[in-house]
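In: Model the following, please.
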Amino acid sequence: MLTYNLEMREGEPRYYYIYKRIRKDIQEGVLKKGERLPSKRALAEHLGVSLITVESAYQMLKEEGYVETRERSGYYVCEIHAFSVERERGESLRLIPEEHAVQEGQSDETAEEFPYSIYFKTVRSVITDYGKELLRRSPNEGCAILRNSIAKYLLRYRGVFAQPEQIIIGSGAEHLYGTVVRVLGQDKVYGIEDPSYSQIRKVYEGAGVVCEALEMGKDGIKSELLEKSRAKVLHVTPFHSYPSGVTATIGKRYEYLDWARRNQGYIVEDDFDSEFFMPGKPIETLFMLDDSSSVIYINTFSKSLSPSIRMGYMILPEALLAQYRKTSGAFSCTVPVLEQYALAEFINRGHFEQHLSRVRRRRG
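Out: Modelled structure (predicted):
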């Protein structure tokens with residue numbers, strides 16, 4: 001009879017422990033070719049485990065070719081050719097500390113202000129209301145319900161007019177930066193603010209793009225550096241750029257647009273922090289001011305809701321939609337359907353704007 005003490009590691013199933021011990025004995029020659037294993041019932045009674053536990057262990061051994069069954073006879077050890085025996089590990093899993101560190105560009109305030117009860121109530125109602133529809137594959141550009149809700153929110157709350165078909169959903173700003181490169185190409189120099197959020201450069205350079213750092217002045221990128229730049233794509237954060245905190249003046253915004261027009265360039269407007277403008281009317285975006293189809297607008301819900309909601313959106317000029325479909329249209333949407341529907345309903349029911357208003361009042 002096999003005499004194994006069930007000295008399992010924490011969280012290890014009993015059937016897997018039995019499987020490992022028998023496998024080890026076979027590998028090391030303790031159990032020889034043709035030797036019969038104890039009956040499942042006998043081993044279960046001996047070890048004080050259920051019959052199903054032993055059956056599971058034996059079935060794994062059989063599927064991997066360590067044992068075979070003989071009709072009305074039981075389980076027998078197979079011939080195992082020479083190979084290096086797996087070393088029995090004497091160590092436990094080294095679990096990663098679960099402290100919740102604050103990421104660059106984020107603050108603890110975001111987590112404290114998140115409307116947990118309202119959001120998760122919305123998630124539950126979406127599951128009830130939409131059911132099997134949530135198991136369908138998302139359109140590559142994102143679900144229509146979310147693209148429509150974002151378009152209506154932007155027009156209502158920000159004064160930004162964009163057709164829903166111009167809105168592309170993705171899993172956060174960094175994913176969308178990569179999409180920008182596919183649409184505009186790797187052959188251009190990308191000008192970025194200096195200083196700027198470090199991931200911007202990392203994503204662009206990781207996509208094979210040459211970046212040119214353009215020093216910031218008190219109202220945005222210094223004019224003389226912009227004029228001398230080799231860039232054909234300008235990535236800017238006109239509102240509350242991180243980490244400088246600079247907000248571009250209206251004059252600087254028109255300067256950026258004039259630069260794009262004269263150089264036949266494009267501007268990527270990163271608007272991650274603009275929902276918390278103080279006070280009154282929202283500051284006009286470059287996308288709102290643009291009349292030459294040169295601005296790609298990017299925003300996410302990581303700052304306005306929570307970093308854990310890995311969802312953002314990009315608004316493309318209509319003139320770039322064909323290029324997007326050619327270079328990126330075949331790529332699947334990276335945001336699960338349930339999350340898209342939940343956020344859409346959160347916006348449609350007015351909860352998102354109410355949340356923004358509460359946060360602005362609290363911070364003001």
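In: Flag the shaky bits of the stretch 1-150 of the chain, pLDDT-wise.
Out: The model of the stretch 1-150 of the chain has pLDDT under 70 over residues 1-11, 82-91, 99-111.
In: Can you show me the CA trace of the helix or strand harbouring R262 as PDB?
Out: Using DSSP states H and E, R262 sits in helix 250-263. Presented in PDB, the C-alpha positions along helix 250-263 are these (Å, rounded to 0.1, in the frame of the first residue of the first chain):
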ATOM      1  CA  ILE A 250      -6.000  80.600 -25.600                       C
ATOM      2  CA  GLY A 251      -3.300  82.400 -27.500                       C
ATOM      3  CA  LYS A 252      -1.000  79.400 -27.200                       C
ATOM      4  CA  ARG A 253      -3.800  77.100 -28.300                       C
ATOM      5  CA  TYR A 254      -4.200  79.000 -31.500                       C
ATOM      6  CA  GLU A 255      -0.400  79.000 -31.900                       C
ATOM      7  CA  TYR A 256      -0.500  75.100 -31.800                       C
ATOM      8  CA  LEU A 257      -3.300  75.100 -34.400                       C
ATOM      9  CA  ASP A 258      -1.400  77.500 -36.600                       C
ATOM     10  CA  TRP A 259       1.700  75.300 -36.300                       C
ATOM     11  CA  ALA A 260      -0.300  72.300 -37.500                       C
ATOM     12  CA  ARG A 261      -1.900  74.200 -40.400                       C
ATOM     13  CA  ARG A 262       1.400  75.600 -41.700                       C
ATOM     14  CA  ASN A 263       3.400  72.400 -41.300                       C
END
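In: which residues sit against that helix?
Out: With contact meaning CB atoms under 8 Å, 6 or more residues apart in numbering, helix 250-263 is reached by 219-221, 223, 226-227, 232, 234, 236, 238, 248, 265-267, 284, 286, 289-290, 292, 294-295. Heads up, the C-betas are built off the backbone N, CA and C, glycines and all.
In: Just the ones in strands from the residues you listed, please.
Out: Among the contacts of helix 250-263, the residues falling in strands (DSSP state E) are 234, 236, 266-267, 295.
In: Out of the residues you listed, flag the one nearest to Y130.
Out: V295 (34.1 Å; CB to CB).
In: Who does that closest one form a beta bridge with?
Out: Bridge pairing for V295 (DSSP bridges) gives the partners I267.
In: Touching, it and I267? I think so.
Out: Yes - between V295 and I267 there is a contact under CB atoms under 8 Å: 4.8 Å.
In: Can you say which of the contacts of helix 250-263 are buried?
Out: 219-221, 226, 232, 234, 236, 238, 248, 265-267, 286, 290, 294-295 (16 or more other CB atoms under 10 Å).
In: Farthest pair within the residues you listed?
Out: Longest span within the buried ones among the contacts of helix 250-263, CB to CB: D219 and K232, 22.9 Å.
In: And the helices in this structure?
Out: 14-27, 40-47, 51-63, 108-113, 116-130, 144-153, 173-184, 198-206, 223-228, 250-263, 286-289, 321-327, 337-348, 351-363 (DSSP state H).
In: Please produce CSV containing those helices, extended by distance to Q166.
Out: Below are these laid out as CSV (distance: least, CB to CB, whole Å):
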stretch, distance to Q166
helix 14-27, 52
helix 40-47, 63
helix 51-63, 52
helix 108-113, 28
helix 116-130, 25
helix 144-153, 8
helix 173-184, 12
helix 198-206, 22
helix 223-228, 27
helix 250-263, 18
helix 286-289, 10
helix 321-327, 7
helix 337-348, 17
helix 351-363, 20
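In: Any buried residues in the helix holding R262, and which?
Out: Neighbour counts over helix 250-263 (16+ other CB under 10 Å) mark 252-253, 255-257, 259-260, 263 as buried.
In: quick check, nearest of these to L93?
Out: Y256 (51.2 Å).
In: what about that closest one, distance to Y297?
Out: As defined by CB to CB, to the nearest Å, Y256 lies at a distance of 13 Å from Y297.
In: so what sits against both of these two?
Out: Overlap of the contact sets of Y256 and Y297 (by CB under 8 Å, 6+ apart) consists of L286.
In: Pretty sure S304 sits against L356.
Out: Yes - here S304 reaches L356: they are 6.4 Å apart, a contact under CB under 8 Å.
In: between these two, who's got more neighbours?
Out: S304 (20 against 17; other CB atoms under 10 Å).
In: Just give the nearest non-adjacent residue to the more buried one, would you?
Out: Leaving aside its sequence neighbours, S304 sits nearest to E275 (CB to CB, 6 or more residues apart in numbering; 4.5 Å).
In: Flag the shaky bits of the stretch 201-350 of the chain, pLDDT-wise.
Out: Along the stretch 201-350 of the chain, segments meeting pLDDT under 70 span 276-282.
In: which one is K33 nearest to, not counting chain neighbours?
Out: E79 (4.5 Å).
In: What is the burial count for the one you found?
Out: Neighbours of E79 (other CB under 10 Å): 9.
In: roughly how far apart are it and R21?
Out: Distance, E79 to R21, by CB to CB: 20 Å.
In: quick revisit: between V295 and I267, what contacts are shared?
Out: 257, 260, 286.
In: Show me what L214 bridges to in the sheet.
Out: For L214, the beta-bridge partners are E193 (DSSP bridges).
In: list the contacts for it?
Out: Counting by CB under 8 Å, 6+ apart, L214 touches 191-194, 221-222, 225-226, 229, 231.
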